[in-house]
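Undergrad: okay, sequence plus prediction incoming.
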Amino acid sequence: MRSTFWAGVVGVCLACCLPGLGCGGDDEAAGAGDPAGAAGGGGAGEASGGGGAGEASCSGFDPSAVVDDLTDAEVEQACRGYRKCSVDAISVEYICRMMGVLGAEYGDDPGTDDAGLQARCTEQYESCMADPSQAEALLEQAIADLESAPCLERMPCTATIAEIDACAAAMGERSRDMFPECSALTLEFYEQDHTDEAVTAACGKLDQGCVGVFAVPKEE
């Protein structure tokens, strides 16, 4: 499969599926009112929100701090901190698993039933792990693009750092579980609703403006 295709896929996954970034499904992250839109990092990393018991926030600020009370420079610092934690959580193994799962359905010669999907997934995953140079290159480019992307324009946000940490941690947990092992892959995976109740509960109460603290601008 062409590397340009995978570069786009990896970029989208980093921007939309990784913990602490915030481009996920609108309904899931936005919840029932006006809350923020939010967004797999991966296999090797722990949650990237921080703020748990005895754990420092990726933002670099006290969990009790209110985002509206931070200066513009501090909001920028928090944004970069969440992104760094997200990047640090990514592994080549996760990228290979993603390539296996997505390639099994959307790549060349896709599987047409559960057994076929599992076989194609395993083939692509094992090939990637045996020679991870493509995954490493794609990951390096996607991370460079992510780190160079500007933080969103600041908007009012009455949430605390702890509440943003909780949202980021929930997204991180969902992300780590996003792609199944090849042996567990079925046709149903591509058809099911991947909305996560834990993400909705943690992120749905955030003000719309809070997304700017950890989101990546969508490409036009």
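TA: Yep, that arrived.

Undergrad: look at residue 164 and report its pLDDT.
TA: Here the pLDDT value assigned to residue 164 is 92.

Undergrad: that should have said residue 65, apologies.
TA: Predicted confidence (pLDDT) for residue 65: 95.

Undergrad: and what of residue 175?
TA: Confidence score, pLDDT, at residue 175: 80.

Undergrad: what's the burial count for it?
TA: Look at residue 175: counted by other CB atoms under 10 Å, it has 31 neighbours. The C-beta positions use only the backbone N, C-alpha and C, and glycine is treated the same way.

Undergrad: repeat that for the one 3 residues further on.
TA: Using other CB under 10 Å as the criterion, residue 178 is surrounded by 20 other residues.

Undergrad: isn't it up against residue 194?
TA: Yes - in this structure, residue 178 is within contact of residue 194 by CB atoms under 8 Å, at 7.3 Å.

Undergrad: what is the least confident helix or strand in the protein?
TA: Least confident helix or strand, the chain: helix 26-30 with a mean of 39, by mean pLDDT, DSSP states H and E.

Undergrad: past that one, which element shows up next along the chain?
TA: Next along the chain after helix 26-30, taking DSSP states H and E as the criterion, comes helix 72-88.

Undergrad: just checking, next helix/strand downstream of that next one?
TA: Next along the chain after helix 72-88, taking DSSP H and E as the criterion, comes helix 92-106.

Undergrad: other residues contacting the helix or strand just after that following helix?
TA: Per DSSP H and E, the first helix or strand lying C-terminal to helix 92-106 is helix 114-130. Helix 114-130 is contacted by residues 93, 95-97, 99-101, 103-105, 107, 109-111, 134-135, 182-183, 185-187 when judged by CB atoms under 8 Å, 6 or more residues apart in numbering.

Undergrad: report the mean confidence score over helix 114-130.
TA: Helix 114-130 shows an average pLDDT of 95 in the prediction.
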